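S.K.: requesting a structural model of the entry that follows:
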Amino acid sequence: MSQVKLTHIHKAYETATVINDLSLEIADGEFLVLVGASGCGKSTLLRMIAGLEPVSSGALYCDGKEITHSSPKVRNFSMIFQSYALFPHMSVEQNITFGMKVRGEKLRDKRDLLAQTVAMLQLDELLKRRPKELSGGQRQRVAMARAIVRDPRLFLMDEPLSNLDAKLRHEVRDGIMALHARLKTTTVYVTHDQVEAMTMADRIVVLDKGEIQQIGSPEALYHSPANLFVASFIGSPSMNLWSLPLQNQQLQLCDWTVQLDVDESKVWLGLRPEHIKLGPSADGRYQMSGQLLRHELLGHVRLVCLQTAFGPLQFFCENDVSLPDVDATVTCHFLPERVHLFSGATQQRIADKDLL
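M.R.: Below you'll find the predicted structure:
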């Protein structure tokens, strides 16, 4: 296992900055997930950790030893890419052991590790096949096996499930988590998938334009997003967000009001779709109405989309509920204790201490 530390990492291509003054510590045995929109720098950051991309400035450490300019071979990190990068003319067994031969490792010295890896990833009956004879999930398991037999200090995974269909994604995701639980190897995992991030991570790092927006457990990011970007990015579908006026430091949404100790004219109010309920409330409070735009069957629930006086609104309801026709007026109510507030000027979360 390895502890990894990044200190003031900066990466630029000519005049374009990709990573800006980023510092991060990854604990021994941790499963850390990097998320962010395309182009935010998460894959570049992973490649710098691997040694495949030079660092413009800053330092990288592993187990207290600086590795900023060390070669990938010296670092002994294994990277699993989005593409499987298997040799088409080689069998599964040859693909798994090829790296060992290149590194000059003797196969007999790693027979036990090889056998355990093949058994763990259920590749026993596939060893003589070639990549073209495998499914996408099987190919990804071969790529994982190739990484494991290196016995690395760190696993680096760059969107390894993005080329798989929904069923295989679930299957291979479970396999990765079982692998981590068994090997306890420190893992840095890049994804844009909300479900992967929330279900797999010990901690999530949210990146935007090369800068860390928030680091924390999935629960912390969901319940207490640090700013407007994290609030809009974490959660599927995303949080309902409205810019509302603040008069005499008082914010009002329908019949719900709150006093804020902030000197601003507007604030952002957020409500997650799961914290809004169809129909009027029992006591007639915290209700809002809007024009029905559409509703989508998601299986166990429906996603209802309204146009309200505050802006677009999405929420869930039971899948067997009878809804009116499009353009009809629909009433719903919200849970005020689930409201999120953000500064209109800085877009940072308004702390509880600023609620009067």
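S.K.: gap between the closest residue to Lys73 other than its chain neighbours and Leu179?
M.R.: The shortest distance from Lys73 to any non-neighbouring residue, by C-beta to C-beta, 6 or more residues apart in numbering, is to Arg103 (7.3 Å). In this view, the C-beta of every residue, glycine as well, is placed from N, C-alpha and C. Distance of Arg103 to Leu179, computed by C-beta to C-beta, to the nearest Å: 21 Å.
S.K.: who has more neighbours out of those two?
M.R.: Neighbours per residue, other C-beta atoms under 10 Å: of Arg103 and Leu179, the larger number sits with Leu179, 21 against 10.
S.K.: got the contact list for that one?
M.R.: Going by C-beta atoms under 8 Å, 6 or more residues apart in numbering, Leu179 touches 120-121, 144, 148.
S.K.: tell me the one of these nearest Asn240?
M.R.: Proximity of these to Asn240 (C-beta to C-beta) peaks at Met144, which lies at 38.7 Å.
S.K.: following the helix or strand hosting the closest one, which helix or strand shows up next?
M.R.: Here Met144 sits within helix 136-148, counting by DSSP states H and E. As assigned by DSSP H and E, the chain's next helix or strand after helix 136-148 is strand 154-158.
S.K.: what does that next one contact?
M.R.: Contacts for strand 154-158 (C-beta under 8 Å, 6+ apart): 2, 4, 43, 46-47, 49-50, 62, 75-82, 147, 176, 180, 185-190.
S.K.: if we use 7 Å, what do you get?
M.R.: 2, 4, 43, 46, 49-50, 77-82, 147, 185-190 (C-beta atoms under 7 Å, 6 or more residues apart in numbering).
S.K.: just the ones in helices from those, please.
M.R.: Mapping the contacts of strand 154-158 onto helices (DSSP state H) picks out 43, 46, 49-50, 147.
S.K.: neighbours around Lys106, how many?
M.R.: Using other C-beta under 10 Å: Lys106 sits among 9 other residues.
S.K.: show me how to select, in PyMOL, the buried members of the contacts of strand 154-158.
M.R.: Only the buried entries of those go into this PyMOL selection, using 16 or more other C-beta atoms under 10 Å:
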select buried, resi 2+4+43+46+49+50+77+78+79+80+82+147+185+186+187+188+189+190
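S.K.: give the contact list for Ile67.
M.R.: So Ile67 contacts 60-61, 75 (C-beta under 7 Å, 6+ apart).
S.K.: all helices for the stretch 51-200 of the chain, in order.
M.R.: Applying DSSP state H, counting those that start in this stretch to the stretch 51-200 of the chain gives helices spanning 72-75, 92-102, 111-120, 136-148, 166-183, 194-200.
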